[in-house]
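Visitor: Need coordinates for the following:
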Amino acid sequence: MKCPACGGGLGKRRIDHLVMGECRECGGMWFSAHDVGAYVELLRQQDPDHLQKRKEIPKSAAGQGIGKPARMCPACDVPLERLNYAYDSGVLIDRCPACQGIWTDAGEPEQIVTRTTPNKATDTVAAFMLEHEKEMRKWDEVNETAAAIGPRTPFAFLFLPRIIIPLQDDAPSATIPFVTIALIATNLLVFAFQTAVFADVEELLVFWKTHGLVAADFPSAQAAGALLTHMFLHAGVFHVLLNVLFLWLFGDNVEDRLGHLWFLPFYLGCGLVAGTTQVLADPGSAIPCIGASGAVAGVMGAYLILYPSARIKTFVVCTIVTIPAALYLVVWALGQVAFAALSDAGTARVAWYAHVGGFFTGLALAFVVRRRSRQT
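Guide: Down below sits the predicted model:
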């Protein structure tokens, strides 16, 4: 890629898990969409006294480019548009309208730090993006390690749930799972709403922080409400589809056994315990926890107790095999426990502790139900 400012070549620069392009001739930097916010947050962490250094930084020279031929995006070769960072910072940056990448001239990120007052909401978004990037790279390394280990180690089975997807079980259901269908519809509608309303990623992250589960907000009324609302928010298409797939596969049978009246409080209760478990695992975290995974894990735990002899058609790589449901669920649970133990709860992009808390809550409640049904 070529430098939009001087035409020189862009080299890669890595700083604490962030990767950006840097021109070695003029010192400008090219950021992928929204990475500039994470980089500014990183600069703030390295220089906590930046507010006292306002007068030491000269005014941005970015405005000098106004009136000259438009700079071109190094990624998609379309004209960059000039914007005032954070609307009123006085630091003019260049953004690609196509890929949303951002170009900053030499010294501009440091000027952003000194010219913008730290804001809790925007700083939390930036911190979330930074931690998300770190965790994405860390788990990429984990997956590479798992692929390298393969079948040569007895611990390789812990990665099994990450490469197989259950499709259908053979346990019949005598009733129509109205509550399960309603929960699936609610999750899909909420995801469609957030996708349609929040086209800007930063606005979406603020929405997640408001209605997602943020451990650092406890105790507060908002945090208490988030124990419920976080179950219906999802980070992406794969996230929501995987959760509703698991809910449909295991939920209809559990609802059939518990009854429509009790299934909803059971589901929500598992989600509440799952969220609480995640909060207790990392009470100081400012990263929002979202997703139905904890509640769905509770349904899976109940399925293990109520339908131990069921079998599941499962997609494995390029084929479909039938395996005992108990085997899949036990291996899945062991995998969640292992990842929870091995990961850092403060930076993990997956709420492993929520999965563990939800699963064992559902398992325990189903055990009580099965025991009482045998007594009667």
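
Visitor: which non-adjacent residue is nearest His260?
Guide: When the adjacent residues along the chain are set aside, His260 lies closest to Val179, with 5.4 Å between them (C-beta to C-beta, 6 or more residues apart in numbering). For the C-beta atoms, the positions are set from N, CA and C on the backbone; glycine is no exception.

Visitor: Helices of the stretch 51-200 of the chain, residue ranges please.
Guide: In the stretch 51-200 of the chain, helices defined by DSSP state H, counting those that start in this stretch lie at 108-115, 120-149, 178-197, listed in chain order.

Visitor: rank the ones you listed by pLDDT, which is bottom?
Guide: Of all the helices of the stretch 51-200 of the chain, mean pLDDT reaches its minimum on helix 120-149 (a mean of 45).

Visitor: how much space between the residue nearest to His260 and Ile164?
Guide: When distance is defined by C-beta to C-beta, to the nearest Å, Val179 is 27 Å away from Ile164.

Visitor: and if you look at Cys26?
Guide: Noted for Cys26: a distance of 50 Å to Ile164, by C-beta to C-beta.

Visitor: Excluding covalently adjacent residues, which one is nearest to His230?
Guide: For His230, ignoring the flanking residues on the chain, the nearest one in space by C-beta to C-beta, 6+ apart is Leu213 at 4.0 Å.

Visitor: Phe207 too?
Guide: The spatial neighbour of Phe207 that comes closest, neighbours along the chain excluded (C-beta to C-beta, 6+ apart), is Phe198 at 5.6 Å.

Visitor: Test my guess that that neighbour contacts Leu204.
Guide: Yes: look at Phe198 against Leu204 with C-beta atoms under 8 Å: they come within range, at 3.8 Å.

Visitor: Give me the domain ranges for the protein.
Guide: According to the domain assignment given by automatic domain parsing, the chain is divided into the following structural domains: 10-118, 122-375.

Visitor: Which of these has the lowest mean pLDDT?
Guide: Between the domains of the chain, the one with the least mean pLDDT is domain 10-118; it has a mean of 71.

Visitor: contacting residues for Val214?
Guide: Residues touching Val214, when contacts are defined by C-beta atoms under 8 Å, 6 or more residues apart in numbering, comprise Ala223, Ala226, Ser285, Ala286, Ile287, Pro288, Cys289.

Visitor: And the one helix or strand Ala341 maps to, what's buried?
Guide: Assigning secondary structure by DSSP states H and E places Ala341 in helix 325-342. Within helix 325-342, the residues that qualify as buried are Ala325, Ala326, Tyr328, Leu329, Val331, Trp332, Ala333, Gly335, Gln336, Val337, Phe339, Ala340, counting by 16 or more other C-beta atoms under 10 Å.

Visitor: Ok, stretch 28-48 next?
Guide: By neighbour count, and taking 16+ other C-beta under 10 Å as the criterion, the buried residues in stretch 28-48 are 28-32, 34-44.

Visitor: Just the ones of the residues you listed in strands?
Guide: With strands defined by DSSP state E, the entries of the buried residues of stretch 28-48 inside them are Met29, Trp30, Phe31.

Visitor: Show me what the second one is bridged to.
Guide: So the one you mean is Trp30. Beta bridges link Trp30 to Gly21, Trp103 when assigned by DSSP bridges.

Visitor: shouldn't the residue nearest to His230 be in contact with Ala226?
Guide: Yes: look at Leu213 against Ala226 with C-beta under 8 Å: they come within range, at 4.8 Å.

Visitor: Neighbour count: these two, which is higher?
Guide: Taking neighbours as other C-beta atoms under 10 Å, Leu213 and Ala226 compare with Leu213 leading, 32 against 27.

Visitor: what's the more buried one in contact with, if anything?
Guide: For Leu213, the contacting residues are Ala223, Ala226, Leu227, His230, Gly275, Gln278, Val279, Pro288, Cys289, Ile290, by C-beta under 8 Å, 6+ apart.

Visitor: Report the beta-bridge partners for it.
Guide: Under the criterion DSSP bridges, Leu213 forms beta bridges with Cys289.

Visitor: who's more crowded, Cys26 and Ile164?
Guide: Set side by side, Cys26 and Ile164 show unequal neighbour counts under other C-beta under 10 Å, the larger going to Ile164 at 18 against 15.

Visitor: and that one, what are its bridge partners?
Guide: When bridges are called by DSSP bridges, Ile164 pairs up with Val316.

Visitor: Quickly note the distance from it to Val214.
Guide: As it turns out, when the distance is counted by C-beta to C-beta, Ile164 lies 33 Å from Val214.

Visitor: and what of Leu43?
Guide: Using C-beta to C-beta, which is the criterion applied here, Leu43 is 24 Å from Val214.

Visitor: returning to what we had before: any chance of the ones in strands among the buried residues of stretch 28-48 in CSV, with distance to Glu81 too?
Guide: Compiled in CSV, those are given as follows (distance: C-beta to C-beta, whole Å):
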residue, distance to Glu81
Met29, 17
Trp30, 15
Phe31, 15
